[in-house]
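A.B. asks: No letters, just coordinates:
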């Protein structure tokens with residue numbers, strides 16, 4: 001199964017991880033829909049977890065809260081993303097045991113240095129659950145299983161900027177031209193008869 005991940009969701013995840021107190025692990029879930037061989041992420045879910053320097057815990061009530069939207073929207077949990085403090089990104093025994101799922105094909109992405117450097121999913125270590133264990137993927141395997149797709153493709157060439165500075169400068173240019181025309185000597189000459 002391939003995980004299709006919009007850039008905006010990934011950027012939101014990194015923004016939310018940056019809001020966590022320094023030096024502790026962070027945890028989030030990627031939710032969405034399974035469509036054939038693809039798992040399409042639509043939603044970032046951040047549980048009310050206990051985050052410590054070497055681990056995180058999502059108690060059962062908070063895990064239930066973080067999955068309450070599944071029935072309403074027909075979604076499923078597609079992956080978990082958590083951080084480690086250094087560059088060692090392999091699952092610990094606790095990571096294996098406390099993962100959101102033990103189902104074959106589940107994804108777990110571990111980010112280095114608490115995601116301070118804003119790594120991409122493929123600059124992290126991706127683990128996939130097999131029948132027997134969580135298995136880290138080789139670096140060249142991750143790009144084939146995680147597809148980071150653009151959230152916005154904007155091909156417009158001429159945009160109007162509604163920002164106040166742009167509006168003021170546009171008005172200033174227009175008014176200066178109007179005043180020059182108004183004060184122009186040729187404008188006030190009487191027509192020859």
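C.D. replies: Sure, I can see it. The structure displayed is predicted, hence computed values, not measured ones. Numbering: from 1, shown residues only.

A.B. asks: C-alpha only now, for contacts and for neighbours.
C.D. replies: Fine.

A.B. asks: can you list the weak-confidence ranges in the protein?
C.D. replies: 163-172, 174-175, 178, 181-193 (pLDDT under 70).

A.B. asks: for the chain, what spans make up the strands?
C.D. replies: Along the chain, the segments classed as strands by DSSP state E run 2-6, 27-35, 38-45, 50-51, 56-57, 76-83, 107-111, 125-129, 134-136, 146-149.

A.B. asks: how many degrees apart are the first one and strand 107-111 in direction?
C.D. replies: If I follow you right, that is strand 2-6. 50 degrees (axes from the mean of the first three to the mean of the last three Cα atoms, to 10 degrees).

A.B. asks: again, but for the longest one
C.D. replies: Per the same axes, to 10 degrees, the angle that strand 27-35 makes with strand 107-111 is 140 degrees.

A.B. asks: rewinding a little: redo the strands of the chain as a markdown table? Include distance to residue 89 and mean neighbour count.
C.D. replies: Listed next are the strands of the chain as a markdown table, based on distance: least, Cα to Cα, whole Å; neighbours: other Cα atoms under 10 Å:
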| stretch | distance to residue 89 | mean neighbour count |
| --- | --- | --- |
| strand 2-6 | 19 | 20 |
| strand 27-35 | 14 | 21 |
| strand 38-45 | 21 | 19 |
| strand 50-51 | 17 | 16 |
| strand 56-57 | 15 | 20 |
| strand 76-83 | 8 | 22 |
| strand 107-111 | 6 | 27 |
| strand 125-129 | 6 | 23 |
| strand 134-136 | 9 | 20 |
| strand 146-149 | 17 | 17 |
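
A.B. asks: Spatially central, which residue of the chain would that be?
C.D. replies: residue 10 (2.0 Å; Cα atoms, centre = their mean).

A.B. asks: Look up how far residue 173 lies from it.
C.D. replies: Between residue 10 and residue 173 the computed distance is 41 Å (Cα to Cα, to the nearest Å).

A.B. asks: Likewise for residue 127?
C.D. replies: In this view, residue 127 and residue 173 are 58 Å apart by Cα to Cα.
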